[in-house]
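Q: quick one, structure for this:
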Amino acid sequence: MSTSVETPRAGVIGQPLPRIDGRLKVSGRANYVADNIVGDVAFAAPVVSTVGAGTITALDPSAAEAAPGVLRVLHHGNMPRLRRCPDDMANKLKASEERVPFEDQTVYYAGQYVALVIAETYEQARWASHLVKVTYHADPPALTLDEGAARSGIKPQEDEKTERGDTAKAYREAPVQHDATYTTPVEVHNPMEMHATLARWDAGRLIVHDSTQWVVGQAKSLAYVLDIPEEQVELHAPFIGGGFGSKLFLWPHTILAAVAARVTGRPVKLVLPRQHQFTAVGHRPATRQHVQLGATRDGRLLALRHDSLSHTSCVTEFVESCGEMTAWLYQCPNVSVTGSIVAVNVGTPTSMRAPGIASGMFALESAMDELAVKLAIDPIELRRRNTPERDQVKNVPWSSHYYTRCLDVVTERFGWSRRSVEPGSMRQGRERIGWGFASATWPAIRRQASARVELRSDGSARVVCATQDIGTGTYTVLAQVVSEITTLPFSQIEVAIGQSGYPPGPISGGSMATATVVPAVAAATRAAVTNLFIAVTAPKGPLAGAAPEAVTLRDGHLHAGARRIAFRAALEQLRTLPIVGEATTKPGEEAKHFSFRSFGAHCVEVRWDPGISHLRVTRVVSAFDVGRLINRLTARSQIEGAIVMGLGAALQEHSVYDRRSGRVVTDNLADYLVPVHADVPEIDVSMLDIPDPHIGDFGAKGLGEIGVTGMTAAIANAFYHATGRRIRDLPLTVERVMET
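A: Okay, the predicted model is just below:
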């Protein structure tokens, strides 16, 4: 049956509507994990290793067990059997660390959990965790890429390899060459809401409240580790206070909370302190990247080589795909990309906003700027000359590609034509002014999702999907889709997400959630409307006698020939409610015929005061091709937040490890610096808002990651323009710029 449902461009899609969950959050009524109150709850606190490598030779919990309020101390000697979770994303199974808690007596990194204290109160658990006596045979930790390589070697990753043409030969014969190495440090996610889990068992069912970016995968993975049926795990995550990738997959603390609740027979709440955010729940790994560029004298790329090395932990392999974008971003006949890892004694790295590409773009876009200097070609013009007409990796056309339009926008809005070419020549008072440029890019990803939409007699609707809102505006976006199609007021749409038992939805990572869920919700809404047409044309319906396929929905009314009835009035008259529509959507054959990417560009102004070694970013102008915007307000929030994250990575963020113990020195927000309001410059963001015609309903792509890509390079390039000094190692701290 065909259904005619008009979705006019002037509807709620694209409007800057406020978040429907915003009032709950600003009034303190949004319950995050740690806010949940249940009766008879106990509290858990992990005991962490104080050495970076070695073996536990003895563990004595007796003093902790005798402390007031302590219920149990779990450790290797009494831990129930657990299973390692397979790395099987296709079946929604993945743990951030393959090794399960307390699996052996080996210490792989400082901060590793070696025991867990469960007590009546949070304070008692924390106090008693310091009473557990652990004796170690300590080994010297390997903390750097070179130390890890010397100890266990470098492991090339076949999945990271791309070869096109003869790069070595093309580079040797290129008239102009650039060869340099770039490094990035360990960065830490530090979401506002710290990681937390509340677990309880009820008649054999495990009910978990968890701060996670993947309710479906978290529930399935937890069931696998505990060796219980999937249907016996119910996971809730209605509100998440940021994640940036650190909350994508199952971490040991969630497993420990579930086990603690089982062995005590009581609900157990485990909230990690801020210090544990630096050791036990992931980070962006350090990288060293070697880039070679060969070009003609008029700036056409002939050869591009990008070799990256990043660290992983000794318990799980994680790969930072630094060269992922290298083979597609610029036109070049000869490309070689490789990626390798080394194991070091730190906690397991994980995805961090724009994983791989954020680090990789620092190297590639810095190298492109250096090549532009050698060629005496404007940096933006160099990018124009090397803009590809199609994806050279897949040899297919782009699904949409408006990169050069992004260049036009930032050039005009920034006033790039006023840039003086000579480094150090733009000054105001004591300050030297630098203008820098870098490209931005990210894959446009869509996956399978299911949704259910209910039309109710009071004229409202409810949309249900097992995805989650990590602060990005998913609640609001889904309400807009239903409102757009049904013409019901935006305020009358209820959104139910954040529960594993709902129709399965996607992970909130990789900028895929909106592009994945919107088609499913749109299809479910249209199915509900179709069922409504059937109901209203039934013998006792308000449009009885009309053919369901002849009914149309427009202007807030159902039309059948000369008859019409308001949408809400039709619902009020029906007795068989709610009217339900369900749908599952997934990508089709389009991925074989098109390449789905997003593109953007940054222009950055910095000011450098050499007298006090003060470097600050004073202006950012960015433009992005990210498909159609579902909500302009939340979209801008996402992009601006990503830009600020890039600002922190460029100027401040890096982790410092104690060389002797392997412990993180910068394990708090006083020592690990992130941008504050005073650090954030004027940010001018333009989004083209051009629908991608092939990705799905409304043509929306994800945009949470792309804003951070290229930002570090743009700032470093601007510093070079201000000073004539090139820094190839992040971050550009006061100490580093003084040494240059």
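
Q: which secondary structure state does residue 291 sit in?
A: strand (DSSP: H, G, I helix; E, B strand; the rest coil).

Q: now for it, how many residues are close by?
A: 27 (other C-beta atoms under 10 Å). No exception for glycine: its C-beta is placed from N, CA and C like everyone else's.

Q: one more: the one 5 residues further on?
A: Applying other C-beta under 10 Å, we find 13 other residues in the vicinity of residue 296.

Q: do you know how far it is from residue 375?
A: Distance, residue 296 to residue 375, using C-beta to C-beta, to the nearest Å: 9 Å.

Q: help me confirm that residue 564 is found in a helix?
A: No: under the criterion used here (three-state DSSP), residue 564 is strand, not part of a helix.

Q: what about the helices in the stretch 51-200 of the chain?
A: Under the criterion DSSP state H, counting those that start in this stretch, the stretch 51-200 of the chain contains helices at 62-65, 122-129, 145-152, 167-173.

Q: quick check: residue 598 touching residue 442?
A: Yes: between residue 598 and residue 442 there is a contact at 5.1 Å, judged by C-beta atoms under 8 Å.

Q: what sits in contact with each of these two?
A: 511, 702, 706 (C-beta atoms under 8 Å, 6 or more residues apart in numbering).

Q: hmm, back to that, give me the common contacts of residue 296 and residue 375.
A: With C-beta under 8 Å, 6+ apart as the test, residue 296 and residue 375 both reach residue 176.

Q: helix, strand or coil for residue 462?
A: Looking at residue 462 with three-state DSSP, the answer is strand.

Q: go ahead and confirm it touches residue 502.
A: No: between residue 462 and residue 502 there is no contact under C-beta under 8 Å: 11.1 Å.

Q: got any residues that touch both of those two?
A: Common neighbours of residue 462 and residue 502 (C-beta under 8 Å, 6+ apart) are residue 496.

Q: related to what we said a few turns ago, tabulate the helices of the stretch 51-200 of the chain (CSV), appending mean pLDDT and mean neighbour count.
A: Converted to CSV, the helices of the stretch 51-200 of the chain look like this (pLDDT from 0 to 100; neighbours: other C-beta atoms under 10 Å):
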stretch, mean pLDDT, mean neighbour count
helix 62-65, 98, 16
helix 122-129, 98, 20
helix 145-152, 97, 17
helix 167-173, 98, 16
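
Q: now the residue nearest to residue 734 when sequence neighbours are not counted: how far from residue 711?
A: Nearest residue to residue 734 in three dimensions, chain neighbours excluded: residue 613, at 5.2 Å (C-beta to C-beta, 6 or more residues apart in numbering). Applying C-beta to C-beta, the value for residue 613 to residue 711 is 22 Å.

Q: any stretches of this structure with poor pLDDT?
A: Scanning the chain for pLDDT under 70 picks out 1-10, 740.

Q: do that again at 90, thanks
A: Low-confidence segments of the chain (pLDDT under 90): 1-11, 457-459, 487, 489, 540, 553-556, 567-568, 571-578, 697, 738-740.

Q: and it, what are its domain boundaries?
A: Following automatic domain parsing, the chain resolves into domains at 4-30+447-586, 383-439+593-739.

Q: and the shared contacts of residue 598 and residue 442 as CSV, adding secondary structure?
A: Below are the shared contacts of residue 598 and residue 442 laid out as CSV (three-state DSSP):
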residue, secondary structure
511, coil
702, coil
706, helix
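
Q: bridged to the nearest residue to residue 181 once chain neighbours are set aside, which residues?
A: Nearest residue to residue 181, sequence neighbours excluded (C-beta to C-beta, 6+ apart): residue 290, at 5.0 Å. Beta-bridge pairing for residue 290 (DSSP bridges): residue 181, residue 307.

Q: so how far is residue 326 from residue 290?
A: Residue 290 is 12 Å from residue 326, by C-beta to C-beta.

Q: do the same with residue 384
A: 18 Å.

Q: of those two, who's got more company?
A: residue 326 (26 against 15).

Q: these two touch, right, that one and residue 360?
A: Yes: counting by C-beta under 8 Å, residue 326 does reach residue 360; the two are 6.7 Å apart.

Q: can you list residues touching both of these two?
A: residue 306.

Q: save the helices of the stretch 51-200 of the chain as a markdown table, and put in distance to residue 649 too.
A: A markdown table is the format used below for these (distance: least, C-beta to C-beta, whole Å):
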| stretch | distance to residue 649 |
| --- | --- |
| helix 62-65 | 40 |
| helix 122-129 | 32 |
| helix 145-152 | 18 |
| helix 167-173 | 29 |
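
Q: residue 700 against residue 630, yeah?
A: Yes: at 5.4 Å, residue 700 and residue 630 qualify as touching, with contact defined as C-beta under 8 Å.

Q: these two - which one has more neighbours?
A: Taking other C-beta under 10 Å, residue 700 and residue 630 do not tie; residue 700 has more neighbours (29 against 26).

Q: contacts only, for that one.
A: Counted by C-beta under 8 Å, 6+ apart, residue 700 has contacts 514-515, 518, 627-630, 691-692.

Q: make it 10 Å
A: Residues counted as contacts of residue 700 (C-beta atoms under 10 Å, 6 or more residues apart in numbering) are 13-14, 444, 446, 477, 481, 514-519, 626-631, 635, 691-692.

Q: and the nearest residue to residue 260 once chain neighbours are set aside, what are its phi and psi?
A: Nearest non-adjacent residue to residue 260, counting by C-beta to C-beta, 6+ apart: residue 268, 4.3 Å away. When read as degrees, to the nearest 10, the backbone of residue 268 gives phi -130, psi 130.

Q: with the one 3 residues further on instead?
A: Its backbone dihedrals place residue 271 at phi -120, psi 120, with angles given as degrees, to the nearest 10.

Q: same question for residue 233.
A: Torsion angles, degrees, to the nearest 10, at residue 233: phi -110, psi 130.

Q: pretty sure residue 551 contacts residue 561?
A: Yes: applying C-beta atoms under 10 Å, one finds residue 551 in contact with residue 561, separated by 9.3 Å.

Q: counting neighbours, go ahead and name the busier of these two.
A: Between residue 551 and residue 561, counted using other C-beta under 10 Å, the more crowded position is residue 551 (25 against 11).

Q: who's in contact with that one?
A: Neighbours of residue 551 in contact, by C-beta under 10 Å, 6+ apart: 3-4, 529-530, 532-534, 536-537, 543, 558-561, 563-565, 570.

Q: may I see the PyMOL selection of the buried members of those?
A: Command for PyMOL that selects the buried part of the contacts of residue 551, burial taken from 16 or more other C-beta atoms under 10 Å:
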select buried, resi 3+529+530+532+533+536+537+543+558+559+560+564+565+570
